[in-house]
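*Asks:* with the input below, show me the fold.
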Amino acid sequence: MIARLVAVALALVSVAATAQTTDPTAFASGADVTSQVAAMAKGMKPGQGFAWQPLVRDGETVAALEYWKTPGRPAVHPDQAEYAIVIAGAGMLISGGTLEAAKPVKPDLIEGDRIVGGTTRVLKPGDVMLIPAGVPHRFGITGGRLVLLGTKLPVRR
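*Replies:* Below is the predicted model of the structure:
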């Protein structure tokens, strides 16, 4: 009986070890995030208002750090929702309403001059947002920086 239990335990350990070696999970520790944010801050040139750096990825799906020193332009991602968490700094999010003077910049990005009728939210570390595809939005800065960890989620059709 003991030999059978040992055999079962060894089989379970073997399965667990195999699962660990085939785990496709991309992972970054809190220390990795802190280190990357510091490296981004150090690497920004004078006058540079924005930096983007992938943190983890799975093929085309990327969770990236966005380091803002100046406000972003009002934008819309027609076929992508945007999910983000505030990592550091302070700012604001204006979302909803109507994007004025909209101009396509890339296939997945339309920018405009301003948002009319949007909702303004104050952003601080720990805040989480999910901006649906097609919704105008703009990030502002209320301190020296706003750092987000975000990803774009394609609309399923």
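*Asks:* secondary structure of residue 32: a helix, I assume?
*Replies:* Yes - assessed by DSSP: H, G, I helix; E, B strand; the rest coil, residue 32 belongs to a helix.
*Asks:* surely it and residue 55 touch.
*Replies:* Yes - shown here, residue 32 and residue 55 form a contact pair, counting by CB atoms under 8 Å, at 7.5 Å. Where C-beta positions appear, they are placed from N, C-alpha and C, glycine not excepted.
*Asks:* who's more crowded, those two?
*Replies:* Ranked by neighbour count (other CB atoms under 10 Å), residue 32 and residue 55 place residue 55 first, with 19 against 12.
*Asks:* return the set of buried residues in the host helix or strand of the more buried one.
*Replies:* Assigning secondary structure by DSSP states H and E places residue 55 in strand 50-58. Neighbour counts over strand 50-58 (16 or more other CB atoms under 10 Å) mark 51, 55, 56 as buried.
*Asks:* residue 139: which of those residues is nearest?
*Replies:* residue 51 (13.3 Å; CB to CB).
*Asks:* can you give me the strands in this structure?
*Replies:* Counting by DSSP state E, the segments of the chain that form strands are 50-58, 61-68, 75-76, 80-95, 98-100, 103-106, 109-111, 114-116, 119-123, 128-131, 137-154.
*Asks:* tilt between the last one and strand 80-95?
*Replies:* Read that as strand 137-154. 170 degrees (axes from the mean of the first three to the mean of the last three CA atoms, to 10 degrees).
*Asks:* ok, how many other residues are close to residue 124?
*Replies:* Using other CB under 10 Å as the criterion, the residues surrounding residue 124 number 13.
*Asks:* centre of the chain to the strand holding residue 55, how far?
*Replies:* Per CA atoms, centre = their mean, to the nearest Å, the displacement of strand 50-58 from the mean C-alpha position of its chain is 8 Å.
*Asks:* partners of it in the sheet?
*Replies:* The pairing partners recorded for strand 50-58 under DSSP bridges are strand 61-68 (antiparallel).
*Asks:* quick check: buried residues in the strand it pairs with?
*Replies:* 62, 63, 64, 65, 66, 67, 68.
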